[in-house]
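1. quick one, fold the following:
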Amino acid sequence: MKTFNQIVIKTISIALLLFSFQSLSAQVLDLESTSEGMLIPRMTTAQKNAIAAPSQSELVYDTDTKSFWYYENNQWNELGSGGATAAGDEIKDADNDTKIQVEETADEDIIRFDIAGSEKLQISNNAGGRPIIEPKGSFFNVFLGDDSGRNVTSGAYSNTFIGAGAGQNSTSANENTIIGTQAGQYITTNNSNTLIGRWAGRDNSAGQQNVALGAYTNRKDTMSSFVTSVGTFAGENNKGNSNTMIGYGAGQNNIGANSIFLGRYAGRNNIGNNRLYIDNSSTAAPLIYGQFDTNTLGINTTESLGTLNVTDPTNTETSLYLLPKASNSQDSSSLFFAEDTDATYGMELLYDGVENELQLFGHQNGIVHGPHFNIKRDNGQVSLGGDYAAGFKLSVDGKVACEEVLVDLNEDWPDYVFQPEYELNSLEDVKKHIDEKGHLPGVPSAQEIEDNGIVLGEMNRIQMEKIEELTLYILQLEERLKKLENNK
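-> Coordinates of the predicted model:
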C-alpha cells in the first residue's frame with residue numbers, strides 16, 4: 001500500500017503536468033481543471049480510526065459512511081455525505097439510522113425523516129404545489145404536541161392527536177381525532193371519537209363514536225358512547241349514552257340516555273331517559289319539553305297529560321295562537337281533527353278572515369260539508385246549519401231538542417192582571433175583537449207568526465196574561481151564579 005507521502009507526491013506531480021500556475025500573489029497554489037478532480041485518501045471507518053497520530057485538519061473520505069471526515073480537537077468530525085443512494089445533503093446521527101434526507105433519489109424534491117432506522121415522515125408537494133406532511137410506517141397515526149399519543153402501541157391506526165397531552169394514555173385506540181390540550185388524555189381502547197377543545201372528552205376511557213366540540217365538553221364522562229356535545233361545558237359530567245347536547249352547559253350534569261338538549265344549560269340537570277329540552281336556561285319547565293318514549297310534547301311544562309301540553313309560566317291564562325303564513329288582513333287559520341292518518345275524514349275548525357267568523361266543517365273522503373257552525377267575530381252571532389237571523393244571537397236551521405229551556409224575560413210577568421187598576425176588557429169587547437180580527441186581543445195573528453215566527457218568552461208572557469184574564473172572567477161568572485142562586 002502506498003504511503004500518505006507517496007500519494008501526496010504523485011498528486012502534486014500530476015497536478016504540475018495537468019494544471020498551470022496562476023498568479024501566486026493571493027494564494028499558495030491555484031489548480032484548475034475541466035476534466036479531472038483531485039482524489040482525497042479513501043478508507044473504511046476502521047482504517048480511519050486506526051491512524052496513529054492524525055494531524056490537525058487532516059481530511060479523509062470514509063467509504064463506510066460515504067462522507068468526508070476531518071480531524072480537529074482530538075476527534076474525527078464528519079463534514080458531509082453523498083453517494084449513489086443519497087443525491088443530496090443529510091443531517092444524521094453517528095450511526096446513520098436517524099436522519100433528515102432532502103433527496104433519497106435524484107431530484108425527487110422530498111424531505112424524509114428517519115428515526116431509529118425507519119422512515120417516519122415525508123414532506124413533499126401535492127399536484128397544486130402545496131406542501132403535504134405525510135406520516136410513514138405508523139398506521140396513519142399523527143401525533144403533535146408534548147406527550148400526545150405517548151403510549152400508543154404499534155397496532156393502533158388512523159389516529160390524529162394534536163395538543164399537549166392529547167390522547168396521552170391511549171394504547172390501542174383506532175380512528176380517533178383528538179385536538180386540544182389534554183383532550184382525550186385518558187382514552188385507552190376507544191374507537192372513532194372526535195374530541196376537539198381543551199380537556200374535551202378527557203376522562204372517557206372506553207367510550208365509542210363520541211363527538212365533543214368545545215372546551216370541557218364531556219370532560220368527566222368516563223364511559224359513555226354515541227354522545228354528541230357541542231359548546232363549552234356541554235355534557236361535562238354526562239353519564240348516559242346516545243345523547244345530543246348542543247349549547248353552553250347543555251346536559252352538563254345529565255345522567256339520562258337517548259336524549260336531546262338544545263340551548264344554553266338546556267337539560268343541565270336532567271335525570272330521565274328519552275327526553276327533549278329546548279331552552280336557554282336550566283329550568284325544570286323548559287320552553288319545549290318532550291318524551292320520546294311516550295310521544296308527548298310540552299310547552300313551558302313537563303306534564304304529560306296528552307300528546308300536546310301547553311302552560312303559560314307567567315300568566316294564569318294560557319294562550320295558543322294559530323297564525324297564518326302571511327301578515328295581511330283577511331287571512332285564515334284552521335285546526336283539523338282527523339280520524340285517519342291522511343286526514344280524509346274528520347272535522348276542521350276554520351277562522352275565515354274574509355267573513356270574520358269561526359266555522360266548523362266536516363270532511364269526508366274529499367267532500368267538504370258545512371259550515372255546520374258559525375260564530376261572528378264582531379257581534380258574537382251564532383248560527384247552526386244556516387244563515388244568521390237578523391237581530392238574534394242564535395239561529396238554528398232545523399229542529400232543536402233539549403231537556404229544559406230557561407227564558408229570561410225583559411218585560412214584567414203578567415201578574416199585573418190581578419192588580420185593582422188593571423182594566424179588564426168586557427166579554428162583549430173581546431167578542432167584538434174576535435169577530436173583527438179573528439184572534440184574541442194582544443195576541444199575534446197567524447199571519448204575523450208566519451212572517452216573524454214566535455218569540456218564545458214573549459209568547460209565554462202573552463199566554464199567561466190571557467190565562468190570568470180568563471181566570472178573572474171565571475171569577476166574575478162565579479159571582480153572578482151565586483147571586484142568581486141566592487135570589488131564587
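2. for Val115, which non-adjacent residue is closest in space?
-> For the record, residue 115 is Ile, not Val. Closest residue to Ile115 apart from its sequence neighbours, by CB to CB, 6 or more residues apart in numbering: Thr98 at 5.3 Å. All C-beta spots, glycine's among them, are computed from the backbone N, C-alpha and C.
3. OK, contacts around that neighbour?
-> When contacts are counted by CB atoms under 8 Å, 6 or more residues apart in numbering, Thr98 touches 92, 114-117.
4. ditto for Asp415
-> Residues in contact with Asp415 (CB under 8 Å, 6+ apart) are Glu468.
5. equivalent analysis for Ile462, please.
-> Ile462 makes contacts with 442-444, as judged by CB under 8 Å, 6+ apart.
6. let's see 10 Å
-> 414, 440, 442-444, 454-455 (CB atoms under 10 Å, 6 or more residues apart in numbering).
7. mind checking which of the residues you listed are in strands?
-> Counting by DSSP state E, no part of the contacts of Ile462 is found in strands.
8. break this protein into its domains for me.
-> What automatic domain parsing lists as the domains of the chain is 1-30, 333-396, 414-486.
9. reformat those domains as TSV; add distance to Glu175.
-> Putting the domains of the chain into TSV (distance: least, CB to CB, whole Å) gives the following:
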stretch	distance to Glu175
domain 1-30	61
domain 333-396	42
domain 414-486	83
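10. okay, those domains in TSV with mean pLDDT next?
-> Formatted as TSV, those follow (pLDDT from 0 to 100):
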stretch	mean pLDDT
domain 1-30	50
domain 333-396	92
domain 414-486	90
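11. out of those domains, the one nearest Glu134 is which?
-> Glu134 lies closest to domain 1-30 among those, at 46.5 Å (CB to CB).
12. measure the residue nearest to Ile115 to Lys92 for me?
-> 6 Å (CB to CB, to the nearest Å).
13. for Arg202, what are its contacts?
-> 165-166, 168, 178, 180-187, 195, 212, 216-222, 236.
14. the strands in the stretch 301-450 of the chain, which residues?
-> Assigned by DSSP state E, counting those that start in this stretch, the stretch 301-450 of the chain shows strands spanning 308-310, 333-338, 345-352, 357-364, 367-376, 382-384, 394-396.
15. number of nearby residues for His178?
-> Not His; residue 178 is Ile. Look at Ile178: counted by other CB atoms under 10 Å, it has 34 neighbours.
16. helix, strand, or coil at it?
-> Applying DSSP: H, G, I helix; E, B strand; the rest coil to Ile178 yields a three-state assignment of strand.
17. so what's it bridging to?
-> Phe161, Leu195 (DSSP bridges).
18. got the buried residues for stretch 39-54?
-> 43, 48, 54 (16 or more other CB atoms under 10 Å).
19. check stretch 418-428 too.
-> For stretch 418-428, it's none, nothing buried (16+ other CB under 10 Å).
20. what of stretch 292-301?
-> Going by neighbour count (16+ other CB under 10 Å), the buried part of stretch 292-301 is 296-301.
21. could you pull up the mean pLDDT of stretch 288-302?
-> For stretch 288-302, the mean pLDDT works out to 94.
22. measure that stretch end to end?
-> Terminal residues of stretch 288-302 lie 9 Å apart, using CA to CA, to the nearest Å.
23. work out for me the element Thr471 sits within.
-> helix 456-486 (DSSP states H and E).
24. I'd like to know how many residues surround the residue nearest to Leu349 when sequence neighbours are not counted.
-> By the measure of CB to CB, 6+ apart, the closest residue to Leu349 outside its immediate chain neighbours is Leu335, 4.6 Å from it. Residue neighbour count, defined by other CB under 10 Å, stands at 11 for Leu335.
25. go ahead and confirm Leu335 touches Gln359.
-> No: in this structure, Leu335 is not within contact of Gln359 by CB atoms under 10 Å, at 11.5 Å.
26. low-confidence bits of the stretch 1-150 of the chain, can you list those?
-> Low-confidence segments of the stretch 1-150 of the chain (pLDDT under 70): 1-29, 80-90, 138.
27. show me where it has helices.
-> Counting by DSSP state H, counting those that start in this stretch, the segments of the stretch 1-150 of the chain that form helices are 4-18, 45-49.
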